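Trainee: give me a 3D structure for the following:
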Amino acid sequence: MFHIRTETILRTAYLAAEKVKIVGPSCIAEILSVSKSTAQRMLIRLSELGFGDYIPKKGFIFNERGIREAERVIRKHRLIECFLAEIGVSDVCKEAEKIESTIGEEFLKVIEDRYGDRKFCPCGNRIPEADS
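Mentor: Numbering: from 1, shown residues only. Next up is the predicted model:
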């Protein structure tokens, strides 16, 4: 349907939802540099996956499951950034996005063990706490 990974869309929508209750297609379109119709399909897809509700002519609202999943995705992304910064990668956010959906469970566990107690990523953004 579109080439942007679901994790990226979920993370983008969640970060937008920190500022507005209903995340509209225009917001996603601008952030991800896609058309408004593509952004709308992305938000509808998040709804179909059970992460919230898409309200026609308004936008997407997260449910509890969506919030938990988005925070898990953001945590993983930001912990990967910590690792990349330590090994000298300059654009940690861009590189983390490239590998976040392909990282294996073993590698993720190592990163979690090493950086899991951090409160902020190298960019200065808050790292969500792990699910209990």
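Trainee: residue 52 contacts residue 59, correct?
Mentor: No: using Cβ atoms under 8 Å, residue 52 is not in contact with residue 59, being 9.8 Å away. Using the backbone N, CA and C atoms, a C-beta is placed for each residue, glycine as well.
Trainee: domains in the protein, by residue range?
Mentor: Per automatic domain parsing, the structural domains of the chain span 6-66, 69-115.
Trainee: export those as JSON lines, with columns for distance to residue 129, mean pLDDT and mean neighbour count.
Mentor: Conversion of the domains of the chain to JSON lines gives the following (distance: least, Cβ to Cβ, whole Å; pLDDT from 0 to 100; neighbours: other Cβ atoms under 10 Å):
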{"stretch": "domain 6-66", "distance to residue 129": "15", "mean pLDDT": "94", "mean neighbour count": "17"}
{"stretch": "domain 69-115", "distance to residue 129": "8", "mean pLDDT": "93", "mean neighbour count": "16"}
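Trainee: what residues does the lengthiest helix in the chain touch?
Mentor: The helix that spans the most residues within the chain, counting by DSSP state H, is helix 64-86. With Cβ atoms under 8 Å, 6 or more residues apart in numbering as the test, helix 64-86 has contacts from 7, 10-11, 13-15, 46, 50-52, 62, 92-93, 95-97, 99-100, 103, 108, 111-112, 114-116, 118, 121-123, 125, 127-131.
Trainee: stretch 12-25 too?
Mentor: Contacts of stretch 12-25 (Cβ under 8 Å, 6+ apart): 27-28, 31-32, 36-37, 39-40, 42-43, 46, 55, 58-62, 66-67, 70-71, 73-74.
Trainee: hmm, 7 Å instead?
Mentor: By Cβ atoms under 7 Å, 6 or more residues apart in numbering, the residues outside stretch 12-25 that reach it are 27-28, 31-32, 36, 39-40, 43, 46, 55, 58-62, 70, 74.
Trainee: what of stretch 41-56?
Mentor: 1-2, 9-10, 13, 22-23, 25, 28, 59-63, 65-66, 69.
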